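> Give me the fold of what follows.
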Amino acid sequence: MFRPSIEGKIFACALLAVALGTGIPFALQAQGVDSKLAWSAGLLLAVILVWILLRPLTRSLGRALNSLQGGLLNFRDGDFSISLALERRDQLGELADLYNEVGEILRRERAHIHQRELLLDTVIQSSPLALLLIDQSEHIIYANTSARHLLHGGKPLQGHRLEQILPLCPPELAKAIEQHKEGLTSYLDNDTNHTLHISNSTFVLNSQKHRLILLREMTRELTRAEVQVWKKVIRLISHELNNSLAPISSMAHSGKLLSEKLHSQQLAGVFDVIAERCRHLTEFTQGYARFAKLPPPVCEEVSWSGLVARLQPLHPFQIHGGLPSRPGYFDPAQLEQALLNLLKNAAESGSAVEDISLQVETDAHGQLLTVRDRGTGMSDKVLQQALLPFYSTKPQGVGLGLALCREIIDAHNGQIHLHNRADGGLQVSLWLPWPEKNNPHE
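Here you go, the predicted model:
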């Protein structure tokens, strides 16, 4: 479509004015008017005609330029919502169309960036990684949900100074953050040992120096890695012991038969002792092997009353509260083994039988089994090490009872917690989730 240019319109107006300005003097001279007067009148009429012809054009240009100026000022202020309604068929019309096209592109880009920011914020807020962003005045300008729960009891952190928040944290964690520590740090919280990985980085944002702190809970990962190392060691030792015990046991049996032929009771007794110690050592290594080769749990619905009935004859205990009507969901053999270990520990802790109890609770999220006693409890040091393989405070203990409990609960994707009770004794809590595809409700 043909669009006359602004230069063309101005040239046409000027050409028309020149034509009239030169034509009128000749016409006046033909009528007998003095030439000077005729040319003066023609020039005056030409100027008036140019003004009359250019006035609408310049007025339209002024309005168009003012609209473009206003739109560009909105762009500068970050407002891309204004479109220009210029119905022109010249370069300014093309410029307005281009302005509107650029504005639409910027609006789409802004909406896309906003959606990505919302997605990023959602990911960060739901991340288990605690994140803190601090400006150069030590004010917290951003914190995700994990950071709020870790450092401020779930309350907002934005706007607080870092020095106001650190006294509310465990001393070891506060010291690590204050000293810009990198790497692992551990602290004790409610008788539970936690290990965090701390990362610090600095960068410049809006010409100001900022500090980014990342806190990652490593307790579960380190525990699993540690257990895997122990399992590998156990399997290696069990393998080597079994390779030696088998021929020793065979040789002891052969030696006993030979001693009987020689009618040597003293020698037969020696071989009996060797065979007995081999059997004891074999049973000992088999106990470790069960921990190292725990099979994946085969979960099913289990009656709580049936579970209690199977446990009561082995280690007597009291039921605290009623049993849920909804059946439990777990591997019955493995969970029975875990509860037997806990009840055995409670009986050996010096607690009276009537003070040993089992409480079973369920909600929409999972199952909570709590074993309580009134024994001697555990010191802080023992609590930190109690779930490790081979760690035992009993003279004849092998340190596998609680480690096996933790391994069973971890295999069920659950959690185990040990706490000293306020009036003496120990409380061990086992939490097991419901299956994901069948989330029951009370």
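
> C-alpha only now, for contacts and for neighbours.
Noted.

> Quickly note the distance from residue 101 to residue 181.
51 Å (Cα to Cα, to the nearest Å).

> Could you do residue 324 as well?
The value you get for residue 324 to residue 181, if Cα to Cα is used, is 47 Å.

> Contact partners for the nearest residue to residue 198 once chain neighbours are set aside?
Of all residues not flanking residue 198 in the chain, residue 215 sits nearest, at 4.8 Å (Cα to Cα, 6 or more residues apart in numbering). Contacts for residue 215 (Cα atoms under 8 Å, 6 or more residues apart in numbering) come out as 129-131, 147, 196-199.

> which SS state does residue 215 fall under?
The assignment at residue 215 comes out as strand when based on DSSP: H, G, I helix; E, B strand; the rest coil.

> Pairing partners for it in the sheet, please.
Here residue 215 sits in beta bridges with residue 130, residue 198, going by DSSP bridges.

> What does residue 375 show for phi and psi?
phi -80, psi -150 (degrees, to the nearest 10).

> which ones are touching residue 160?
By Cα under 8 Å, 6+ apart, residue 160 lies in contact with 139-140.

> Show the pLDDT at it.
We have a pLDDT of 89 for residue 160.

> Give me the distance between it and residue 276.
From residue 160 across to residue 276, the span is 69 Å (Cα to Cα).

> these two touch, right, residue 420 and residue 377?
Yes: if you go by Cα atoms under 8 Å, residue 420 and residue 377 touch, sitting 5.8 Å apart.

> nearest spatial neighbour of the most centrally placed residue in the chain, skipping sequence neighbours?
Of all residues in the chain, the one closest to the mean position by Cα atoms, centre = their mean is residue 127, 1.9 Å from it. Closest residue to residue 127 apart from its sequence neighbours, by Cα to Cα, 6+ apart: residue 146 at 7.1 Å.

> hang on, the one you found in a strand?
No: Residue 146 sits outside any strand when classified using three-state DSSP, being helix.

> Would you mind confirming that it is in contact with residue 124?
No: the pair residue 146 / residue 124 is not scored as a contact, 9.1 Å apart, by Cα under 8 Å.

> Looking at those two, which has the bigger crowd around it?
Legend: neighbour count by other Cα atoms under 10 Å for residue 146 and residue 124, higher for residue 146 (22 against 17).

> Please enumerate the helices of this structure.
Under the criterion DSSP state H, the chain contains helices at 6-30, 35-76, 91-126, 145-152, 162-165, 171-178, 219-261, 265-292, 304-311, 332-348, 380-385, 401-411.

> Can you pull the poorly scored residue ranges out of the stretch 151-300 of the chain?
Within the stretch 151-300 of the chain, the segments meeting pLDDT under 70 span 184, 188-193, 218-245, 262-264, 277, 280-294.

> try it again with 90
Applying pLDDT under 90 to the stretch 151-300 of the chain flags the ranges 151-298.

> For residue 143, name its beta-bridge partners.
Taking DSSP bridges as the rule, residue 143 bridges to residue 132.

> sorry, back to before: mind checking how far the residue nearest to the centre of the chain is from residue 145?
Separation of residue 127 from residue 145 (Cα to Cα) stands at 8 Å.

> Over to residue 28?
Look at residue 28 and residue 145: by Cα to Cα, they are 92 Å apart.

> what do you get for residue 352?
44 Å.

> Those two: which has the busier surroundings?
Taking other Cα under 10 Å, residue 352 and residue 145 do not tie; residue 145 has more neighbours (19 against 14).

> For the more buried one, give me its contacts.
125-127, 130, 154.

> hmm, try it at 6 Å
Residue 145 makes contacts with residue 125, as judged by Cα atoms under 6 Å, 6 or more residues apart in numbering.

> Tell me the confidence at it?
On pLDDT, residue 145 comes in at 88.

> start at 8 instead
With the count now opening at 8, the last piece we talked about shows up as residue 152.

> quick one: the closest residue to residue 426 other than its chain neighbours from residue 144, how far?
Once flanking residues are discounted, residue 426 sits nearest to residue 434: 5.2 Å by Cα to Cα, 6+ apart. Residue 434 sits at a distance of 45 Å from residue 144 (criterion: Cα to Cα).

> Between the two, which is the more surrounded one?
Legend: neighbour count by other Cα under 10 Å for residue 434 and residue 144, higher for residue 434 (21 against 11).

> The helices of the chain: which one's closest to residue 370?
Judged by Cα to Cα, the one of the helices of the chain that comes nearest to residue 370 is helix 311-318, at 14.7 Å.

> contacting residues for residue 376?
366-367, 436-437.

> switch to 10 Å and redo it
Neighbour list for residue 376: 346, 365-369, 423, 435-439 [criterion: Cα atoms under 10 Å, 6 or more residues apart in numbering].

> Tell me which of those residues has the lowest pLDDT.
Lowest pLDDT of these: residue 423, 84.

> Bridged to it, which residues?
residue 437.

> how much space between the residue nearest to residue 426 and residue 268?
On the measure of Cα to Cα, residue 434 and residue 268 end up 59 Å apart.

> buried sites along stretch 121-135?
Of the residues in stretch 121-135, 131-132 count as buried by neighbour count, 16 or more other Cα atoms under 10 Å.

> re earlier: can you add distance to residue 213 and give the helices of the chain back as TSV?
Converted to TSV, the helices of the chain look like this (distance: least, Cα to Cα, whole Å):
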stretch	distance to residue 213
helix 13-37	44
helix 42-83	17
helix 98-133	18
helix 152-159	24
helix 169-172	20
helix 178-185	24
helix 226-268	37
helix 272-299	55
helix 311-318	61
helix 339-355	56
helix 387-392	45
helix 408-418	46
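
> Pick the most deeply packed of the ones you listed.
Sort the helices of the chain by mean neighbour count, taking mean count of other Cα atoms under 10 Å, and helix 408-418 sits at the top with a mean of 22.

> quick one, it and helix 339-355 angle?
Here helix 408-418 runs at an angle of 150 degrees relative to helix 339-355 (axes from the mean of the first three to the mean of the last three Cα atoms, to 10 degrees).

> What helices and strands are in contact with helix 408-418?
On a contact count with 3 or more Cα pairs under 10 Å, 6 or more residues apart in numbering; DSSP states H and E, helix 408-418 meets helix 226-268, helix 272-299, helix 339-355, strand 422-427, strand 433-440.

> 7 Å instead, please
Applying 3 or more Cα pairs under 7 Å, 6 or more residues apart in numbering; DSSP states H and E, one finds that helix 408-418 contacts helix 339-355, strand 422-427.

> quick check: mean pLDDT across that helix?
81.

> coming back round to it: what touches both of residue 427 and residue 384?
residue 433 (Cα atoms under 7 Å, 6 or more residues apart in numbering).
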